[in-house]
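> Below are the sequence and a predicted model; questions follow.
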Amino acid sequence: MCQSCHSGLPLRFEVVDEAGIVAAATAAHESGQAWHFHVLAPGCTFSPKPGAYTFLLELTDAKRALCAYYDDRPTAVNKQLLPLLHGVDALAEKKAGAGLSDEDEALLATIEAAAKAGTGWHHHMMFPACGLNTSDGKWRLFVEIAGSEPKLRDYAEEPSLVLNRIERLYFGLT
Ligand SMILES: [Zn+2]
Ligand SMILES: [Zn+2]
């Protein structure tokens, strides 16, 4: 099934089930093709199906995008694919504060405050080739907190440390 671009998601995509997502991501990973994914929350700027969670897999070398829809946050598939994308220690606890800029610390503090207050939030790590990324070849962190304008930061290289801290907050590991 192929859907035309939705106003929220500026990509053409196919709708598949979770097995289809895992199979395509694993195949791309094993063959060395570029891929990445996003979890789009029900109120996400990019959601193609408001009210549902969307797992978006972008196969950027193959120029394909796949979406699977969920009623609840798709935590299992997220945790399964995250280490393939960002390394086996993607969710490991790292030394606090090491190598983070003041801007990154401020972003983390904002997210932590939202999490503590029970305010809905989520984030997107946008690879340079990402179809959602409007920067010019940068890595972009895009954070959405309910009731606030999205916050974004662009980086010349993958911001692994700050991403690690954000992922740990997202999964309640911190
Ligand atoms: Zn979003
Ligand atoms: Zn993307």
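Sure, I can see it. Ligands and ions are numbered 1, 2, ... in the order given.

> tally of neighbours for the residue of the chain found nearest ligand 2?
Nearest residue of the chain to ligand 2: residue 130, at 3.1 Å (CB to the ion). No exception for glycine: its C-beta is placed from N, CA and C like everyone else's. By other CB atoms under 10 Å, the residues close to residue 130 number 20.

> Now name the helix or strand holding it.
Here residue 130 sits in a region with no helix or strand, counting by DSSP states H and E.

> quick one: low-confidence parts of the chain?
For the chain, residues meeting the criterion pLDDT under 70 lie at 1-7, 96-98.

> Tell me who's in contact with the residue of the chain closest to ligand 2.
Contact partners of residue 130, counting by CB atoms under 8 Å, 6 or more residues apart in numbering, are 36, 58, 60, 140.

> dump the residue contacts of the third one.
This points to residue 60. By CB under 8 Å, 6+ apart, the residues touching residue 60 are 34-36, 127, 129-131.

> which among these are in contact with ligand 1?
The subset of the contacts of residue 60 within reach of ligand 1, counting by CB under 5 Å from the ion, is empty.

> Tell me how many other residues crowd the residue in the chain positioned nearest to ligand 1.
Across the chain, the shortest distance to ligand 1 (CB to the ion) belongs to residue 44, at 3.1 Å. Neighbourhood size, residue 44 [other CB under 10 Å]: 22.

> So it, which state does it fall into?
Of the three states, residue 44 takes coil under DSSP: H, G, I helix; E, B strand; the rest coil.

> From residue 93, how far off is it?
Distance from residue 44 to residue 93, counting by CB to CB, to the nearest Å: 27 Å.

> could the contacts of residue 130 go into CSV alongside secondary structure and distance to ligand 2?
Converted to CSV, the contacts of residue 130 look like this (DSSP: H, G, I helix; E, B strand; the rest coil; distance: CB to the ion, whole Å):
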residue, secondary structure, distance to ligand 2
36, strand, 5
58, strand, 5
60, coil, 8
140, strand, 9
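
> Same list (the residues you listed) but as a markdown table, adding distance to residue 73.
Output for the contacts of residue 130, formatted as a markdown table (distance: CB to CB, whole Å):
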| residue | distance to residue 73 |
| --- | --- |
| 36 | 18 |
| 58 | 19 |
| 60 | 24 |
| 140 | 22 |
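
> Kindly indicate the member of these with the most neighbours.
Of the contacts of residue 130, with other CB under 10 Å as the count, residue 58 tops at 26 neighbours.
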